[in-house]
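Asks: Sequence first, then the predicted structure:
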Amino acid sequence: MGCTESKPAAEQQPKAAPEVHEPEAEEAEPVVEAAAEDLDPNELIMVPVKKTVRVAKPGTAAAAAGAKAPEPEPEPENPDQEPSDTPLEGKATGRQGVRLLMEKAFWRGEVSDLAINQFMANYDRLSNGDDGMVGSGRIAEVGDLPEYGALNAGGDFDSLLKKTVCLKLNGGLGTGMGLSKAKSLLPVRDGKTFLDIIAHQVAPMTGKGMEFMLMNSFSTEADTKEALEKTGLDLGKWENMNVLQNKVPKVNEATMGPATHENDELNWCPPGHGDLYTALSGSGKLAELARRGKEYLFVSNSDNLGATIDPKILAHFAASDDAFMMEVCRRTPSDKKGGHLARGKKSGKLLLREAAQVADEDREDFENIDKYQFFNTNNLWIKIPDLKRLIAESGGVLKLPLIVNRKTNDPSDSSTDEVYQLETAMGAAISLFDQEATKSDKDPKHVQKPMSAGALLVPRTRFAPVKTCSDLLAVRSDAYEMVDHVVKLKGTVPPKVDVGPKYKKIQDFEALIGGGAAVPSLAQCKSLQLVGGADLVFEPGVVFKGEVLLNSGDLGDGKTLEAGTYEGDHTIA
């Protein structure tokens, strides 16, 4: 089986409360304010976690994890009574309204107490004018970085594996591609799904003591469990493997209260993959990993099949002083609209700047790939004891740079209310791990060692993501190869593919390539762009070379691109 079932509830021992709910920093209740002279969005904020007075509702995930609800604002008359599910009244608006929604979600077992504190801290930052923007005047380019090619193969790989956890982010549905299930269940190579390939990648290593985990959303959890069971591979117990992402309310831009669409599902959104730290800690899994002697955490996206546990990288990270290491690639013209690595001018710390954090006047500078040479692959290496310490010292709330997305309540209906969706990125934690030695609150004579963070320049073979049908066409083509369940780019730069809006949904895309039987050759293609409104079907044997613009013409009956080699501009009659 792909994952083994746990014992019946009656046979299980009750779980201990997660350690992070009572961190060392809590007793002193410290509050640290960012230095006025350094406005980088990368300073650690310490927000005390209040002592809890209510236990979680029996039978929920929160209760199973031993979590306790934080003090509500204001305290209800009966603190042991579950919040009502009646519609929000006039008094429950603004900050109180969004907090009440999070409280209700806690009682339903959908979020942890730490998730409430984290979201409210982010909400307060938004209310106080933090728009998440990272101006060009506050950052500088990054110089030379250590490179993968210079790494030694040292280290006892099997010994290191026993201390390692491999975690895949698996919360996305791929709705932009027309999918209704986890995107990782989409066939990508040789009829195998992302999840099939990942399971076969990690199975030999879990057999040597490595732990495998997935961060799912409520939308992907059930389908993922079923798919893993069908692989027939023993990857561990599902309850140890599964980490659930939290959810957060959308914030009405006009009222700063909760969104109020009649379809309640549209009033919630994911908090971004920066929620990884809150989800691991709030569920108690981080403390459990530390108790079992796990030291190294490798995190990557489930749609990036180039992201594997590499012996050289693991050995390098284990031997380094870094608590956090990010794999980066060199930016190319096709990467210019994506985020990049930089340094804070005043703090000197490494930081990320995402596209949503860039004002219009800084856009040209943001896209300067000669100045900002590196982008984050989202392949991250983290030392578990240091992560546990960082969260404890912060009181459970990390001040990750805020990403403020402005959208309509219903993204498909521009007439609905404008809302804020508050997100964070897990890679942005790179600056939080870069800190000087600190003294223990309990024992002033005890000084915690300093922490550092770094980046490693890796080849493009470590980065093969699929976000769109355009990406999928490239990865399915002969521009990539799959060897021992590892999908890698054959060359140094991937072809730039744009199938256009006509084929952005998976059903239309599959029709274009004959259900996978007519994937064109892109091994010698630099770029491919499809335009036009007519239905198009490729014949087997189509080869694209160099830069290709393919115009299917006006709307009409289906057209066929016959087998052959195509270069330059072509209009199909």
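Replies: Now that the structure is in, tell me what you want to look at.
Asks: quick one, phi/psi of K490?
Replies: Dihedral angles phi and psi of K490 (degrees, to the nearest 10) take the values phi -70, psi -40.
Asks: I'd like the distance between it and T175.
Replies: 31 Å (CB to CB, to the nearest Å). For glycine as for every other residue, the C-beta is placed from the backbone atoms N, C-alpha and C.
Asks: Check G209 too.
Replies: Per CB to CB, G209 is found 37 Å from T175.
Asks: H340 now?
Replies: 27 Å.
Asks: In terms of neighbours, single out the busier of those two.
Replies: Neighbours per residue, other CB atoms under 10 Å: of H340 and T175, the larger number sits with H340, 27 against 11.
Asks: Need phi/psi at the more buried one.
Replies: Here H340 shows phi and psi, under degrees, to the nearest 10, equal to phi -140, psi 160.
Asks: can you pull the contacts of it?
Replies: For H340, the contact set (CB atoms under 8 Å, 6 or more residues apart in numbering) comprises R331, L352, R353, F366, Y372, Q373, F374, F375, N376.
Asks: In helices, which of these appear?
Replies: Counting by DSSP state H, the members of the contacts of H340 that fall within helices are F366.
Asks: Let me see the contact set for L402.
Replies: Contacts of L402 by CB under 8 Å, 6+ apart are P41, N122, R125, L126, D130, D131, G132, L422, E423, T424.
Asks: nearest to G395, of the residues you listed?
Replies: Out of these, the one with the shortest distance to G395 is N122. That distance is 14.5 Å, counting by CB to CB.
Asks: Touching, the closest one and T424? I think so.
Replies: Yes. Under the criterion of CB atoms under 8 Å, N122 lies in contact with T424, with a separation of 7.3 Å.
Asks: Quick check: closest non-adjacent residue to L173.
Replies: In space, L173 comes closest to S219 once its chain neighbours are excluded; the distance is 5.4 Å by CB to CB, 6 or more residues apart in numbering.
Asks: For N409, give me the pLDDT.
Replies: According to the prediction, N409 has pLDDT 96.
Asks: measure the closest residue to N409 other than its chain neighbours to P271 for me?
Replies: For N409, ignoring the flanking residues on the chain, the nearest one in space by CB to CB, 6+ apart is T416 at 4.1 Å. Between T416 and P271 the distance, using CB to CB, works out to 21 Å.
Asks: Which one of those two is surrounded by more residues?
Replies: Higher neighbour count among T416 and P271: P271, with 24 against 15, using other CB under 10 Å.
Asks: State the helix or strand in which the more buried one lies.
Replies: Assigning secondary structure by DSSP states H and E places P271 outside every helix and strand.
Asks: isn't K467 right up against N301?
Replies: No. The pair K467 / N301 is not scored as a contact, 9.2 Å apart, by CB under 8 Å.
Asks: pLDDT on the host helix or strand of A315, on average?
Replies: Take DSSP H and E as the rule and A315 turns out to sit in helix 311-319. Mean pLDDT, taken over the full extent of helix 311-319, equals 96.
Asks: can you pull the buried residues of it?
Replies: If you call a residue buried by 16 or more other CB atoms under 10 Å, then helix 311-319 has these buried ones: P311, K312, I313, L314, A315, H316, F317, A318.
Asks: Identify the residue nearest the first one in space, chain neighbours excluded?
Replies: Nearest in space to P311, with sequence neighbours left out and distances taken as CB to CB, 6+ apart, is F157 at 4.5 Å.
Asks: and the one you found, what does it touch?
Replies: Contacts of F157 were listed using CB under 8 Å, 6+ apart, and they are P311, L314, A315.
Asks: and what of Q373?
Replies: The neighbourhood of Q373, defined by CB under 8 Å, 6+ apart, consists of E141, V142, R330, R331, H340.
Asks: I'd like the distance between the closest residue to the first one other than its chain neighbours and T332.
Replies: Nearest in space to E141, with sequence neighbours left out and distances taken as CB to CB, 6+ apart, is K371 at 5.0 Å. When distance is defined by CB to CB, K371 is 14 Å away from T332.
Asks: those helices in the stretch 401-550 of the chain, which residues are they?
Replies: Using DSSP state H, counting those that start in this stretch, the helices assigned to the stretch 401-550 of the chain run over residues 469-476, 506-512.
Asks: helices or strands next to the first one in the packing?
Replies: Using 3 or more CB pairs under 8 Å, 6 or more residues apart in numbering; DSSP states H and E, the elements in contact with helix 469-476 are strand 187-189, strand 496-498, helix 506-512, strand 521-531.
Asks: Please work out the angle formed by the directions of the longest one and helix 469-476.
Replies: Strand 521-531 and helix 469-476 are oriented at 170 degrees to each other (axes from the mean of the first three to the mean of the last three CA atoms, to 10 degrees).
Asks: Beta-bridge partners for the closest residue to K285 other than its chain neighbours, please?
Replies: In space, not counting the residues next to it along the chain, K285 is nearest to V243; the distance is 5.9 Å by CB to CB, 6+ apart. Note on V243: beta-bridge partners by DSSP bridges are M215.
Asks: where does the chain have its least confident helix or strand?
Replies: When the helices and strands of the chain are compared on mean pLDDT, DSSP states H and E, helix 24-28 comes out lowest with a mean of 34.
Asks: Give me the distance between the two termini of stretch 281-292.
Replies: Using CA to CA, to the nearest Å, the end-to-end distance of stretch 281-292 comes out at 15 Å.
Asks: Would you mark the buried spots in that stretch?
Replies: For stretch 281-292, burial by neighbour count (16+ other CB under 10 Å) applies to S281, G282, S283, G284, K285, L286, A287, E288, L289, A290.
Asks: So the residue nearest the centre of the chain versus A323, what's the distance?
Replies: Relative to the mean C-alpha position of the chain, the nearest C-alpha, by CA atoms, centre = their mean, is the one of H273, at 3.2 Å. As defined by CB to CB, H273 lies at a distance of 19 Å from A323.
Asks: on that earlier part again, of the buried residues of stretch 281-292, which belong to helices?
Replies: Using DSSP H, the members of the buried residues of stretch 281-292 that fall within helices are S281, G282, K285, L286, A287, E288, L289, A290.
Asks: Closest to V358 out of those residues?
Replies: Sorting those by how near they are to V358, with CB to CB, puts S281 at the top with 30.1 Å.
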